[in-house]
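# Sharing a model that was predicted from the sequence below.
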Amino acid sequence: MRVIASTHKCIASGSCVMTCAQVFGQRDEDGVVQVLDEHPSLNLLKSVKQAVDLCPSLALSLEDEQDVDHLTVVEDRSGE
Ligand code: SF4
C-alpha cells in the first residue's frame, strides 16, 4: 500500500496531522503537508487511511501495489 501526498493540492487544513501525527506533519513556512515517516508500521494503516478520507482537498491518495504488504508514504512535489 502506497500513500501519496500531493503538496500542490494541499490547502494546509491540518486534518491529516490531527488524524495521524506519526506520519503527517506540516511545513513551518506555509502549513503544507509533510511526510514524517515514509515507512510507517502497518498498525498505522487505519489512521493513515482515515487521514486520506478526511483530507478536504483530496491531496492524499492511496495506491495498491501488487504483492506488497507494507505501507509507504511519499510526498509528491511535482506540481509545485
Ligand atoms: S488534510 Fe489534506 S489539505 Fe489538510 S494538511 Fe493534510 S494534505 Fe493538506
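Ah, there it is. Here the structure is a predicted model, which means the values were calculated and not measured.

# what does this structure put close to the ligand?
Residues of the chain lying near the ligand by C-beta under 6 Å from any ligand atom: 5, 10-16, 33, 55-57, 59-60. The C-beta positions use only the backbone N, C-alpha and C, and glycine is treated the same way.

# Now intersect those with the strands, please.
Under the assignment DSSP state E, these contribute Ala5, Val33, Leu60 to strands.

# contacting residues for the first one?
Going back to what we said before, that points to Ala5. Listed by C-beta atoms under 8 Å, 6 or more residues apart in numbering, the contact set of Ala5 reads Cys16, Phe24, Val33, Gln34, Val35, Ala59, Leu60, Val73, Val74, Glu75, Asp76.

# Run a quick neighbour tally on the first one.
Translated: Cys16. Burial measure for Cys16: 28 neighbouring residues, criterion other C-beta atoms under 10 Å.

# How about the third one?
Each residue near Val33 was counted by other C-beta under 10 Å, and the total is 27.

# ok, now the last one?
Close neighbours of Asp76, defined as other C-beta under 10 Å, add up to 15.

# quick one, phi/psi of it?
Backbone dihedrals for Asp76, given as degrees, to the nearest 10, come out at phi -110, psi 110.

# what residues are up against the closest residue to it other than its chain neighbours?
Computed as C-beta to C-beta, 6 or more residues apart in numbering, the closest residue to Asp76 that is not its neighbour in sequence is Ser6, at 4.7 Å. Shown in contact with Ser6 (C-beta under 8 Å, 6+ apart): Ala59, Leu60, Ser61, Asp76, Gly79.

# between those, which has the most around it?
Leu60 (24 neighbours).

# Just the pLDDT at that one, thanks.
We have a pLDDT of 98 for Leu60.

# Was I right to think it contacts Ser15?
No - judged on C-beta atoms under 8 Å, Leu60 makes no contact with Ser15 at a distance of 9.5 Å.

# Give me the below-cutoff pLDDT ranges for the chain.
For the chain, applying pLDDT under 70 flags no range at all.

# Am I right that Thr72 is in contact with Glu38?
Yes - using C-beta under 8 Å, Thr72 makes contact with Glu38 at a distance of 6.3 Å.
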